[in-house]
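[1] Turn this into a model:
(2 chains)
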Amino acid sequence: MPSTNSKSAFYAGCRTALPFLLILGPFGLLFGVVATEAGMSLAQTIGFSMAVIAGAAQFTAVQLMQDQAPMIIVLASALAVNLRMAMYAAALAPHIGHASLIQRLLVSYGNFDASFAMAMAEYEANPDRPIGEKVGYFLGSVAVIIPSWAIATFLGAQLGALIPESFGLDFALPILFLSFVAPALRSLAHVAAAFTSVILAIVLQPVPYNLWILIAGIAAMIVGAEVERRMTRP
Amino acid sequence: MTGWSNAEIWLIIAVMAVGTFLIRFSFLGLFGGRDLPDWALRHLRYTAVGILPALVTPLVLWPEGPGSDPDPIRIISAGIAILAGCLTRNANYSIIAGLASFGLLQLIFA
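    Sure thing, here's the model as predicted:
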């Protein structure tokens, strides 16, 4: 019986992920185009997408490689963009931290912005579901997204220069991220955290290597937690 | 890719893959068997709303890179996406509203 429920949770995850393909598809397509035009081979472009599955970091790396930055700066910057995922792992831990090692390895491989946002929305809405269903839901969403991400990258690499730059595909990323955040602004603490994040991102732009993302993010978490603590104080 | 050998490109991909996986596995692997204290959970509730706005802000304000000219169409479209997301509590409507207004405004003004 638990396996039946896990299976239906898996399919629920698949279904929830489908609309996101409209956004992630063009984004993967765009990475294929950019990486190929920067001179990466087809194997390298798809390999990058499949091994890393983190659009923002992939773009950061290709951009810095084109700028002829030293390898250590390319790696440090692109990995710094991904450091936020350590916090995603920590946020998932209370929900699926007791899953088997294999399940946690699979979830970790597929823990990117879209799957994390989808899973957290589900876990917060239904916190008491059994762990097998929570893992099933997560793996369902990535089972749809990861192959699509690879196919989109492949098509992008093939299309190459056929897509005009004025298409505005790059704007799909900010819209995608905003669509995660806006519905989550459900309390004063959430709004305060988001506001702190925006202000610090602007003020801290001169901080090198994308480290401002982490500084703004950590400060925003502290502000959100503090506002919540004060609001719920008896 | 000028200035980068095939081996160097593969090395970057490999290090990115291993590094990104270790970041993603960190707290699921290390503390997987333990429960986190209340203060930690309270902070983690604000992970997404803390990090993603920072990631997005420069992309909306300076689409061509830090210090470049702001594009009013992107700023307005981003505002509409946020508004739609807040009002409907639905990510899909937020995406549709944001991209539709971006496309429409570009058709009219660009």
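
[2] what's the longest helix in the chain?
    Going with chain A. helix A:131-159 (DSSP state H).

[3] ah, no, chain B please
    helix B:6-30.

[4] Show me what secondary structure element comes after the longest helix of chain A.
    helix A:172-181 (DSSP states H and E).

[5] is that next one anywhere near chain B?
    Yes. Judged by CB under 8 Å from any CB of the partner chain, helix A:172-181 comes into contact with chain B at A:172-181. In this view, the C-beta of every residue, glycine as well, is placed from N, C-alpha and C.

[6] okay if I get those as a markdown table plus pLDDT, neighbour count and distance to residue A:124?
    A markdown table is the format used below for these (pLDDT from 0 to 100; neighbours: other CB atoms under 10 Å in any protein chain shown; distance: CB to CB, whole Å):
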| residue | pLDDT | neighbour count | distance to residue A:124 |
| --- | --- | --- | --- |
| A:172 | 72 | 23 | 26 |
| A:173 | 69 | 21 | 24 |
| A:174 | 80 | 24 | 24 |
| A:175 | 83 | 27 | 23 |
| A:176 | 74 | 27 | 20 |
| A:177 | 74 | 27 | 18 |
| A:178 | 87 | 27 | 19 |
| A:179 | 81 | 28 | 17 |
| A:180 | 75 | 25 | 13 |
| A:181 | 86 | 28 | 14 |
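
[7] my read: residue A:87 touches residue B:40, true?
    No. At 10.6 Å, residue A:87 does not count as touching residue B:40 under the criterion of CB atoms under 8 Å.

[8] who's in contact with residue A:150?
    A:28, A:46, A:49-50 (CB atoms under 8 Å, 6 or more residues apart in numbering or on different chains).

[9] Quick check: PyMOL command selecting the buried ones in these.
    With 16 or more other CB atoms under 10 Å in any protein chain shown as the criterion, this PyMOL line picks the buried residues out of those:
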select buried, chain A and resi 28+46+49
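
[10] For residue B:9, state which of the contacts of residue A:150 is nearest.
    For these, the residue nearest residue B:9 by CB to CB is residue A:46; the value is 12.8 Å.

[11] Now do the SS call for that closest one.
    Counting by DSSP: H, G, I helix; E, B strand; the rest coil, the backbone at residue A:46 sits in helix.

[12] can you pull the contacts of it?
    Contacts of residue A:46 (CB under 8 Å, 6+ apart): A:32, A:150, A:153-154, A:157.

[13] Alright, calling it a day.
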